[in-house]
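Q: Make a model of this:
(one chain, ligands or ions: 1)
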Amino acid sequence: MNKRTWVRNILLPARIPAACHALVLIAVAAGPAAAEDSVEAIVKMRIASMETMDKAVKNISSSFDPVFPYEPQEVMAEAKKIQAEAKRIPELFPEGSMTSKSEALADIWSRKGAKKFTKNAKSLVKRVNNLVSAANRDDRDAVADEIRRINRICEGCHAKFRKN
Ligand code: HEC
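A: Next comes the predicted model:
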């Protein structure tokens with residue numbers, strides 16, 4: 001083995017694991033901070049998502065205000081917004097995702113709580129699907145009825161799983 005081959009075969013491969021160790025150490029050091037960042041991000045995202053639903057529910061409700069004309073297109077668009085956000089609820093609440101900015105209660109992830117939480121999220125999706133089809137056939141009484149039911153689901157989940 002001449003010197004060059006020796007360097008390539010023996011020294012270089014040995015250096016790769018060393019470099020990997022360094023990377024692993026960096027990753028371990030950055031890990032908790034990175035995880036915290038991503039919890040912050042997810043809390044921010046779900047608050048934005050909840051606020052989108054809130055605005056959409058209010059817009060639909062105000063469509064029944066006699067002062068304004070009922071706009072079927074707008075009701076449909078708002079219903080679809082709620083539909084898109086409602087589906088995201090499970091993924092926006094990964095286990096233990098709480099920060100000082102979050103009003104989520106830890107019971108969301110208890111064994112009993114998790115079941116109820118998921119059930120609430122599912123009932124919301126179901127009702128919102130009904131809302132979208134009511135809006136689609138422009139059945140205004142059904143829209144009004146669904147939005148009332150939806151409001152009750154939102155409030156029910158908040159009463160159990162959100163700090164007041
Ligand atoms: C499955 C349970 C659940 C359902 C269903 C649900 N929410 Fe929430 N909502 C929460 C939780 C938990 C929080 C607190 C999130 C946090 O602060 O991390 C929250 C927070 C909020 C907030 C406060 C956001 C802020 O500014 O801090 C609003 C507004 C809101 N929800 C609106 C709605 C509306 C409107 C609906 C129904 C269309 C709804 N939510 C359905 C669980 C739910």
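Q: number of nearby residues for Ala106?
A: 10 (other C-beta atoms under 10 Å). (C-beta placed from N, C-alpha, C; glycine too.)
Q: Check whether it really touches Phe93, as I assumed.
A: No - in this structure Ala106 lies outside contact range of Phe93 using C-beta atoms under 8 Å: 11.3 Å.
Q: Quick check: residues of this structure near the ligand?
A: Residues of the chain found near the ligand (C-beta under 6 Å from any ligand atom) are 43, 46-47, 50-51, 53-54, 57, 82, 89, 102-104, 117, 120-121, 124, 150, 153-154, 157-158, 161-162.
Q: are any of these buried, and which?
A: 43, 46, 50, 53, 57, 82, 89, 102, 104, 117, 120-121, 124, 150, 153-154, 157, 161 (16 or more other C-beta atoms under 10 Å).
Q: Okay, and which of the residues you listed map to helices?
A: Using DSSP state H, the members of these that fall in helices are 43, 46, 50, 53, 57, 82, 89, 117, 120-121, 124, 150, 153-154, 157, 161.
Q: The residues you listed: which two are farthest apart?
A: Using C-beta to C-beta, these span at most 23.3 Å, a distance reached by Val43 and Ile150.
Q: residues in contact with Asn136?
A: By C-beta atoms under 8 Å, 6 or more residues apart in numbering, Asn136 lies in contact with Met76.
Q: can you check Met45 too?
A: Leu92.
Q: And Glu71, by the same measure?
A: By C-beta under 8 Å, 6+ apart, the residues touching Glu71 are Ser63.
Q: So it versus the ligand, what's the distance?
A: 20 Å (C-beta to the nearest ligand atom, to the nearest Å).
Q: ditto for Val75
A: From Val75 to the ligand the distance is 15 Å (C-beta to the nearest ligand atom).
Q: and what of Ala144?
A: For Ala144, the distance to the ligand equals 15 Å [C-beta to the nearest ligand atom].
Q: what's the closest of the ones in helices among the buried ones among the residues of the chain next to the ligand to Gln73?
A: Set against Gln73, the nearest of those by C-beta to C-beta is Ile82 (15.5 Å).
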